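Participant: predicted structure and sequence below. I'll ask about it afterward.
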Amino acid sequence: MAGAAKDQLCQRLLDAVDHGKSNTPEYHYYPQNWFEPYLERRRRCGFGLYATLGIGRDDKAKREAQARRNFQLFDAPVGLFITMDRRLETGSFMDCGMFIQSVMLAARGQGLHTCPQAAFAWYHSIIRDELKLDENSLLLCGIALGYEDMQAPENGFITERESAENFTTFHGV
């Protein structure tokens, strides 16, 4: 989605955000109750990003303004929306994840950058209406697609990574 169609969808999304009109997501992206070590990792990532952007923990207005940027696709010229047939089973989420990664890698191969976005899951009804999706289409995520803004501070933020030893077991080595 690009051009006027993208702009129209973004405006509808922003209007819904501004008026508190989100939906319940059609699937749970995040755990209903965070637990360790994921809670601490999520916090470190969020605190680090906002620190990089110069947004204080108690600055609600700036935090909300940053969150709104999701629905402008972070100013990318193209927005992709990934769906799958909701009649498929859990394994299809893995297939779609591999597809999404392949799209992102292909974009890098063409000199483009991407940002996968789960935030759209809470506004699936607007996207469903705008894109004329049928009832069997489950919105998984959006992807902002464009060229990296090298001046944007968030593009310099690198999240911490767990070492392979912390999440793998090697047998027979």
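Facilitator: Yes, it's here.
Participant: so who does residue 45 touch?
Facilitator: 159, 160 (Cβ atoms under 8 Å, 6 or more residues apart in numbering). Yep, even glycine has a C-beta here, placed from its N, CA and C like the rest.
Participant: burial count for residue 145?
Facilitator: 21 (other Cβ atoms under 10 Å).
Participant: same question, residue 24
Facilitator: Neighbour number of residue 24 under other Cβ under 10 Å is 9.
Participant: could you find the closest non-adjacent residue to it?
Facilitator: residue 122 (7.8 Å; Cβ to Cβ, 6 or more residues apart in numbering).
Participant: the one you found: neighbouring residues, count only.
Facilitator: Neighbours around residue 122, by other Cβ under 10 Å: 20.
Participant: now do the longest strand along the chain, average pLDDT.
Facilitator: If you go by DSSP state E, the chain has its longest strand at strand 137-146. Strand 137-146 shows a mean pLDDT of 97.
Participant: show me where the protein has its strands.
Facilitator: 78-85, 113-117, 137-146.
Participant: now those as TSV including distance to residue 91?
Facilitator: As requested, the strands of the chain are exported to TSV (distance: least, Cβ to Cβ, whole Å):
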stretch	distance to residue 91
strand 78-85	11
strand 113-117	20
strand 137-146	14
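Participant: nearest residue to the middle of this protein?
Facilitator: The structure's the chain has its C-alpha centroid closest to residue 117; by Cα atoms, centre = their mean the separation is 1.2 Å.
Participant: show me what that one is bridged to.
Facilitator: residue 142 (DSSP bridges).
Participant: shouldn't it be in contact with residue 145?
Facilitator: No: assessed by Cβ atoms under 8 Å, residue 117 is found out of contact with residue 145, at 10.9 Å.
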